[in-house]
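# sequence and predicted structure are below.
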Amino acid sequence: MRLTLVAALCAATVPAGVCAQSGSSPPWIRLAGEAIPVLTGTNAVPGGAATAEARLVQPVLMVQAGALADRVRLDAMADLEGWTIPNGELTAGAYGEGFYDRRHPHTYVHELMVTLPDVLRDLGGPAGLALAAGKGFAPFGTDDPMGRPPMLYPVNHHLSQLLERAVAVAALRTARDHVTIEGGLFNGDEPEYPSEWPNWTRFGDSWSVRLTVAPAAGLEWQGSRAHVHSPEHRPGAGTDAEKWSTSLRWERGPRYGLLEWAQTSEAGGLYVFHTLLAEGAWRIGRHRPYLRLERTERPEDQRVSDDEFRSARPHLDNSIVGATRWSIGTIGYGYGAPVAAGRLTVQPTIEAAIARVARVGSGLFDPAVFYGRRTLYSISFGVRIDWGMAGHRMGHYAGAPMPPGMAMPGMEHQVSEAR
């Protein structure tokens, strides 16, 4: 207990990851956090209007800890968006969990996972086995957009990630982590409001697998497959989703790039939605320009009468009134600088996006009528406030355990570059 308290005080007063460890294998704890106050204006508003809102988004606090010679790991993250954006964040094209053109707030307990990072380490073999369980990410798709350069989420969030589930994960990796195979069981239902927990009675009705190959430093390919039972209907009476994903990711020094494709098929192939996304960023000293290009299809559900940013929940098959394709180009620029003796990084950022929306198929929903136009825009001004979160990749429970004396992934680079 005393060691844990000392580690907590150390983590709270110096940059994440630089606390010295005493003793042979003491427990450790690391704290980190992030928040973005942002002002967004957009004309992706029903009826041909435009609007602007200032909100605090992505206010999160992360706790990581290790014990028993780092044989047991804890990954926990609290997300306060249920308080700061109860009606969602203005985001052209975003959808999911009953929201349209507003990104929904995540649940208060975003992640709470216990991991045995290397079950076979005493055997000294060529492979490692990790086991993890709790509430978190299923092994599917690409990294959560929260940890990527743009401030606003892409349209494809619900096609490309599976998160906030009751999940059990097993991961087998080669000695040098060149190849990793992950499998997970989880509940299919999505949360309907921020304080909701997974439907534990449905645990195991859905599954996913992911193969990751890392042939060289910084280069990574993944392919994923998932079966999700009744994601839109919590009791389990809705249609199933069959999901595929593949991506190529590269991150080396100040440069980052991602190319991804994903597909979700629902109701036995009656509805099929695709996404193709490419994004990149380059940090030059304190400057960080970035670009994202996306082409994503989304379902159009019947909106509720008193709020056309919302759809009825639970989702029903007959509430789908069409599909649209969103082609969006996003460009942004951030200027990052360390403050508080390097313990904090503040990055003022400007981000602009142009979207072209088109009807897919013969559904009743016509975006030109609904929005009063087919070309939409958004512009955002924000400040990314980062305390040790830079470079953290949520949902990866298969990697080798992080030595307690090391910095968070990407943190040392970010601080040195910002200087």
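Received it, and whenever you're ready, just let me know what you need. Computed from a predicted structure; not experimentally measured.

# which stretches of the stretch 101-250 of the chain form helices?
Applying DSSP state H, counting those that start in this stretch to the stretch 101-250 of the chain gives helices spanning 157-160.

# which stretches of this protein have low pLDDT?
For the chain, the stretches flagged by pLDDT under 70 are 1-24, 314-318, 399-419.

# center of it - which residue?
Nearest to the mean C-alpha position of the chain, by C-alpha atoms, centre = their mean, lies residue 144 at 1.8 Å.

# list the contacts for that residue?
Residues near residue 144 by C-beta atoms under 8 Å, 6 or more residues apart in numbering: 137, 161, 163, 393-395. Yep, even glycine has a C-beta here, placed from its N, CA and C like the rest.

# helices of the stretch 301-419 of the chain, start to end?
When assigned using DSSP H, counting those that start in this stretch, the helices of the stretch 301-419 of the chain occupy the ranges 367-371, 411-418.

# surely residue 217 touches residue 253?
No - the pair residue 217 and residue 253 does not pass the contact test of C-beta atoms under 8 Å, sitting 10.3 Å apart.

# look up how far residue 297 lies from residue 60.
Remark: distance between residue 60 and residue 297 (C-beta to C-beta, to the nearest Å) = 29 Å.

# can you give me the neighbour number for the closest residue to residue 397 other than its chain neighbours?
Leaving out its chain neighbours, the residue that sits closest to residue 397 by C-beta to C-beta, 6 or more residues apart in numbering is residue 132, at 3.9 Å. Neighbourhood size, residue 132 [other C-beta atoms under 10 Å]: 25.

# same thing with residue 178?
Residue 178 has 12 nearby residues by other C-beta under 10 Å.

# how close does the spatially closest residue to it that is not a sequence neighbour sit to residue 183?
Residue nearest to residue 178 in three dimensions, not counting chain neighbours: residue 214, with 5.5 Å by C-beta to C-beta, 6+ apart. Per C-beta to C-beta, residue 214 is found 18 Å from residue 183.

# neighbour count winner among these two?
Legend: neighbour count by other C-beta under 10 Å for residue 214 and residue 183, higher for residue 214 (18 against 15).

# could you pull out the strands for the stretch 201-350 of the chain?
206-216, 219-228, 241-252, 255-266, 271-282, 287-301, 303-304, 307-311, 320-335, 337-339, 344-360 (DSSP state E, counting those that start in this stretch).

# may I see those strands arranged in JSON lines, with distance to residue 78 as well?
Shown next, in JSON lines, are the strands of the stretch 201-350 of the chain (distance: least, C-beta to C-beta, whole Å):
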{"stretch": "strand 206-216", "distance to residue 78": "25"}
{"stretch": "strand 219-228", "distance to residue 78": "25"}
{"stretch": "strand 241-252", "distance to residue 78": "27"}
{"stretch": "strand 255-266", "distance to residue 78": "27"}
{"stretch": "strand 271-282", "distance to residue 78": "27"}
{"stretch": "strand 287-301", "distance to residue 78": "27"}
{"stretch": "strand 303-304", "distance to residue 78": "29"}
{"stretch": "strand 307-311", "distance to residue 78": "25"}
{"stretch": "strand 320-335", "distance to residue 78": "25"}
{"stretch": "strand 337-339", "distance to residue 78": "23"}
{"stretch": "strand 344-360", "distance to residue 78": "19"}
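
# any idea which of those strands gets closest to residue 167?
Each of the strands of the stretch 201-350 of the chain has some distance to residue 167 by C-beta to C-beta; the shortest is strand 206-216, at 8.9 Å.

# list of residues touching the helix or strand harbouring residue 83?
If you go by DSSP states H and E, residue 83 is part of helix 81-84. Residues outside helix 81-84 that contact it (C-beta under 8 Å, 6+ apart) are 55-59, 89, 105-108, 193-195.

# neighbouring strands of the next helix or strand after it in the sheet, and parallel or not?
Of the helices and strands lying after helix 81-84 in sequence (DSSP H and E), the nearest is strand 89-96. Applying DSSP bridges, strand 89-96 is found paired with strand 99-103 (antiparallel).

# re the thing from before, most surrounded residue in the contacts of residue 144?
Neighbour counts for those, by other C-beta under 10 Å, peak at residue 137, which reaches 28 neighbours.

# so who does it touch?
When contacts are counted by C-beta under 8 Å, 6+ apart, residue 137 touches 111, 144, 161-163, 165, 167, 394-395.

# if you set the cut-off to 6 Å instead, what comes out?
Applying C-beta atoms under 6 Å, 6 or more residues apart in numbering to residue 137 gives the contacts 163, 395.

# please apply the same query to the one 4 residues further on.
With contact taken as C-beta under 6 Å, 6+ apart, residue 141 is in contact with 160-161, 224, 245.

# what of residue 153?
Residues counted as contacts of residue 153 (C-beta under 6 Å, 6+ apart) are 91, 94, 103, 145.

# ok, residue 220 next?
Counting by C-beta under 6 Å, 6+ apart, residue 220 makes contact with 214, 249.

# what residues are bridge-paired with it?
Legend: beta-bridge partners of residue 220 under DSSP bridges are residue 249.

# next, residue 68: phi, psi?
Backbone geometry at residue 68, expressed as degrees, to the nearest 10, gives phi 60, psi 60.

# ok, back up a step: list only those of the contacts of residue 153 flagged as buried.
91, 94, 103, 145 (16 or more other C-beta atoms under 10 Å).

# for residue 202, state which of those is nearest.
Among the buried ones among the contacts of residue 153, residue 103 lies closest to residue 202 (C-beta to C-beta), at 24.8 Å.

# list the buried ones in stretch 281-299?
So for stretch 281-299, counting by 16+ other C-beta under 10 Å, buried means 281, 283, 288, 290-292, 294-299.

# excluding covalently adjacent residues, which one is nearest to residue 200?
Spatial nearest neighbour of residue 200, excluding adjacent residues (C-beta to C-beta, 6+ apart): residue 166 at 5.7 Å.

# who touches that neighbour in this structure?
135, 187, 198, 200, 203.

# max pairwise distance over the buried residues of stretch 281-299: which two?
Across the buried residues of stretch 281-299 (C-beta to C-beta), the longest gap, 36.5 Å, separates 283 and 299.

# of the contacts of residue 166, closest to residue 337?
Ranked by distance to residue 337 (C-beta to C-beta), the contacts of residue 166 are led by residue 135 at 34.9 Å.
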